[in-house]
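Q: Quick one, structure for this:
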Amino acid sequence: MKLIKKGKKKKKNRLKKATMEVLDPEALKTDAKRKDKIRILVGSLLFLIILGIVTALGVEGWVYLKSQWLVHYGYVLKKVDIEEIGSGRIAKEEIISASKLHIGDNIFDISLKDVYSKLCSLQEVDKVVIRRQLPDRIFIRVWERKPLVRLALKTKLNKKYCLDEKGYPFLTENREDILSLPEMVGIPLKVVEAKKRIEEPEVTAAINLLHILENSSLHFVFEPQTIDVSRPFSIGLLTRDGVRLTFRINHLNDQVNRLQKIYSFSQSHGRKISMVDLTPDQNVPVIFQ
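A: Next comes the predicted model:
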């Protein structure tokens, strides 16, 4: 019988060396930033959701307030006050009709912007002011276009195209005060029917010339009857006494000053002017009767 020698068993070391872990500061910062971003994002979403709910409730509440409570306490349209600045060519009934305002409407349901746009679409209206007067009124102030000249164009019966001092054409009643205005010739009908400001240099210069003459001592001496803007870069003017004047479209004040000197000369010599061509800078052609 053989004896087997057993080797000595090695004792296991139960005390293992602890592994050392080193924390990276940069990783910690990145992780903290990520958490902060998530927290901010969640907070923002919650805020937007709450804001949306509050807004929806507020809108619904305002609609109910307008339709029920405000109407119950008298916030309905009872009167439209209209003030016209001008000669009264536009009837108040026409203004009311164009505004689409109706007595009994909820005053807060009325869009002042829409009413303003509708009134400005009237050809004879220059500008408009509109406001609410709580609890039950709307106030409208309308400035009429002031006609400066009438246009030599065929129109409907009892209607006449005019031009205001800003160069805007408009159609108005053919009344006596319109017939007394000077007549402008040379503007095509298609330009007028566009209902936009006429910006041709001859038309702009003619309007300026009329203002200059009106503010000078020559206004009653050379009272305009017909203004011709058909020729490029010039203005033809026929007075009510039959005197023919021609102007360039630039340096109008200088030309009117020369005309003043010519008129003074004619008065001092007992001569009557028949024609003056003011387009040259020197040696102005003058014809006396």
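Q: Every contact and neighbour count from this point should use C-alpha atoms.
A: Will do.
Q: What residues does the residue nearest the centre of the chain make contact with?
A: In the chain, the C-alpha closest to the average C-alpha coordinate belongs to K127, at a distance of 9.2 Å (C-alpha atoms, centre = their mean). Going by C-alpha atoms under 8 Å, 6 or more residues apart in numbering, K127 touches 120, 142-144.
Q: isn't there a strand covering it?
A: Yes: assessed by DSSP: H, G, I helix; E, B strand; the rest coil, K127 belongs to a strand.
Q: Is it bridged to anything, and to what?
A: Counting by DSSP bridges, K127 is bridged to W143.
Q: Show me which of the contacts of K127 is closest to F265.
A: Using C-alpha to C-alpha, the shortest approach to F265 within the contacts of K127 belongs to E144, at 41.9 Å.
Q: Was I right to think the closest one contacts V125?
A: Yes: counting by C-alpha atoms under 8 Å, E144 does reach V125; the two are 4.7 Å apart.
Q: all strands in the stretch 101-250 of the chain, in order from the N-terminus.
A: Using DSSP state E, counting those that start in this stretch, the strands of the stretch 101-250 of the chain run over 125-133, 137-144, 147-151, 159-164, 169-173, 183-185, 224-228, 234-239, 244-248.
Q: Out of these, which is the most enclosed?
A: strand 147-151 (a mean of 23; mean count of other C-alpha atoms under 10 Å).
Q: Helices of this protein, start to end?
A: Using DSSP state H, the helices assigned to the chain run over residues 25-64, 71-72, 92-99, 112-120, 176-179, 189-193, 201-214, 252-268.
Q: May I see the buried residues of the fourth one?
A: By neighbour count on 16 or more other C-alpha atoms under 10 Å, the buried set for helix 112-120 is 112, 115-116, 119-120.
Q: Return the residues in contact with D241.
A: D241 neighbours (C-alpha under 8 Å, 6+ apart): 222-223.
Q: Distance-wise, check it relative to L189.
A: 29 Å (C-alpha to C-alpha, to the nearest Å).
Q: cool, I90 as well?
A: In terms of C-alpha to C-alpha, I90 sits 24 Å off from L189.
Q: same deal with I85?
A: 29 Å.
Q: Repeat that for F247.
A: From F247 to L189 the distance is 24 Å (C-alpha to C-alpha).
Q: Turn the buried residues of helix 112-120 into CSV, including pLDDT.
A: Output for those, formatted as CSV (pLDDT from 0 to 100):
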residue, pLDDT
L112, 95
V115, 96
Y116, 96
L119, 95
C120, 93
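Q: Just put the helices of the chain in CSV and tack on distance to R231.
A: CSV is the format used below for the helices of the chain (distance: least, C-alpha to C-alpha, whole Å):
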stretch, distance to R231
helix 25-64, 61
helix 71-72, 62
helix 92-99, 39
helix 112-120, 33
helix 176-179, 24
helix 189-193, 16
helix 201-214, 8
helix 252-268, 16
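Q: Comparing those, which comes out most buried?
A: Scoring these by mean count of other C-alpha under 10 Å, the most buried comes out as helix 201-214, with a mean of 19.
Q: for that helix, what is the average pLDDT?
A: What helix 201-214 shows for mean pLDDT is 96.
Q: Could I get the CA-only coordinates of it as CSV?
A: Extracted in CSV, the C-alpha atoms of helix 201-214 (Å, rounded to 0.1, in the frame of the first residue of the first chain):
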residue,chain,number,x,y,z
PRO,A,201,-42.9,115.9,-63.2
GLU,A,202,-45.0,118.3,-65.3
VAL,A,203,-48.1,117.7,-63.0
THR,A,204,-46.0,118.1,-59.9
ALA,A,205,-44.5,121.3,-61.2
ALA,A,206,-47.9,122.7,-62.2
ILE,A,207,-49.2,122.1,-58.7
ASN,A,208,-46.2,123.9,-57.3
LEU,A,209,-46.7,126.8,-59.7
LEU,A,210,-50.3,127.3,-58.7
HIS,A,211,-49.2,127.5,-55.0
ILE,A,212,-46.5,130.0,-55.9
LEU,A,213,-48.8,132.2,-57.9
GLU,A,214,-51.5,132.0,-55.2
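Q: Output the contacting helices and strands for it.
A: Applying 3 or more C-alpha pairs under 8 Å, 6 or more residues apart in numbering; DSSP states H and E, one finds that helix 201-214 contacts strand 234-239, helix 252-268.
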